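K.L.:
Turn this into a model:
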Amino acid sequence: MTGISATISTPTGAVRLEAELTIFGEATTVRAEVLDAPAGLADVVPLARQIADEVSRRAIHAALGEGHTVLCAKGCSACCRYLVPLSAPELLCLERNLAMMPPETRSQAIRRLRRARQQIIDAGPPAPDDGGEPGRSVSAWYASLEMDCPFLTEQACGIYDRRPIACRQHLSASSPELCNGHQPGVGQTVPVPLDVCHALAVLAAEMTETPLQAVMLPLALNWLANESQHLRRRWPGPLLVERFLGILQRLAA
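P.N.:
Numbers count the residues shown, from 1 in each chain. From the prediction side, this is the model:
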């Protein structure tokens, strides 16, 4: 891909890739070392998380420089009742993470996911959009369900290090009290210049030649059981990461 350099490290059988992204007007070099072996979409997620964390760190730094206070941190659960969209690579990675959990923890998480899914079904679809932003209308509808995230345990994220990218990139410059209810126009969010979750969705769509898609977190198990087979293909690892970095470059331009 244009703007991405690659070098081969023969002793480790890896390919080192570099891409330059522009974040807040500043050139940033992203580096990744990828084994020259088949990989799936889920294998890109750890790199995507690192990039999302770095973008969020810079967004927080910019907000602090403008006099804002950003209180988002581990232990704050004010936004843990919001709609969390997952891209296909994150859904596949979630499946992998669930399989690695201790049996009792995994069973608990699956029960909570199923309970949340049933609550969504019982609530019925949101009312037709009234002319506002469609995404905001759905988000407000979801928040009105007052449903805890299935991974929220004792008011803390039970998968904080592996939490979704949408959670990593949702930053508030308001007090936690203003986050409750996700009311349109209430509170202030911190602008994040690069939507890494969207980049993963674009990667999945381009690699499999399928439409863009995102799935609500509580519907993850249903999606994994019924709609994910065509996204479980494998490609050369360096090719997959190169494509992802190229998408990030396009979105950051």
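K.L.:
Just the residues contacting stretch 195-204, thanks.
P.N.:
41, 44-45, 48, 51-52, 55, 85-90, 164-166, 168-169, 210, 212-214, 231, 240, 243-244, 247-248, 251 (Cβ atoms under 8 Å, 6 or more residues apart in numbering). C-beta here means a position set from N, CA and C on the backbone, and glycine is covered the same way.
K.L.:
list the buried ones in the helix or strand containing L21?
P.N.:
Using DSSP states H and E, L21 sits in strand 14-23. Buried residues in strand 14-23, counted by 16 or more other Cβ atoms under 10 Å: A14, V15, L17, A19, L21, I23.
K.L.:
Can you tell me the strand partners of it and which way each runs?
P.N.:
strand 4-9 (antiparallel), strand 26-35 (antiparallel) (DSSP bridges).
K.L.:
Including mean neighbour count and mean pLDDT, could those go into CSV?
P.N.:
Below are those laid out as CSV (neighbours: other Cβ atoms under 10 Å; pLDDT from 0 to 100):
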stretch, mean neighbour count, mean pLDDT
strand 4-9, 13, 77
strand 26-35, 14, 92
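K.L.:
Make CSV from the buried residues of strand 14-23 and add pLDDT to it.
P.N.:
Converted to CSV, the buried residues of strand 14-23 look like this (pLDDT from 0 to 100):
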residue, pLDDT
A14, 90
V15, 93
L17, 94
A19, 95
L21, 94
I23, 93
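K.L.:
Strands - which of the contacts of stretch 195-204 land there?
P.N.:
In this view, the contacts of stretch 195-204 that belong to strands under DSSP state E are P85, L86.
K.L.:
Helices along the stretch 101-250 of the chain, start to end?
P.N.:
103-123, 134-144, 165-168, 196-208, 220-226, 237-252 (DSSP state H, counting those that start in this stretch).
K.L.:
re earlier: could I get the strands paired with strand 14-23 as CSV with distance to C80?
P.N.:
What follows is the strands paired with strand 14-23, written out as CSV (distance: least, Cβ to Cβ, whole Å):
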stretch, distance to C80
strand 4-9, 36
strand 26-35, 29
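K.L.:
Tell me which of these lies nearest to E177.
P.N.:
Among the strands paired with strand 14-23, strand 26-35 comes nearest to E177, with 33.5 Å by Cβ to Cβ.
K.L.:
In the stretch 1-150 of the chain, where is pLDDT below threshold?
P.N.:
For the stretch 1-150 of the chain, residues meeting the criterion pLDDT under 70 lie at 1-2, 9-11, 129-136.
K.L.:
From the centroid of this protein, which residue is nearest?
P.N.:
I165 (2.5 Å; Cα atoms, centre = their mean).
K.L.:
contacting residues for it?
P.N.:
Applying Cβ under 8 Å, 6+ apart, the residues contacting I165 are A48, R49, A52, S87, E90, V196, C197, L200.
K.L.:
Quick check: the gap between the third one and A201.
P.N.:
From A52 over to A201 the distance is 13 Å, taken as Cβ to Cβ, to the nearest Å.
K.L.:
Near the closest residue to A204 other than its chain neighbours, how many other residues are there?
P.N.:
Using Cβ to Cβ, 6 or more residues apart in numbering and skipping residues adjacent in sequence, the residue nearest A204 is A88, 4.0 Å away. Per other Cβ atoms under 10 Å, the neighbour tally for A88 reads 28.
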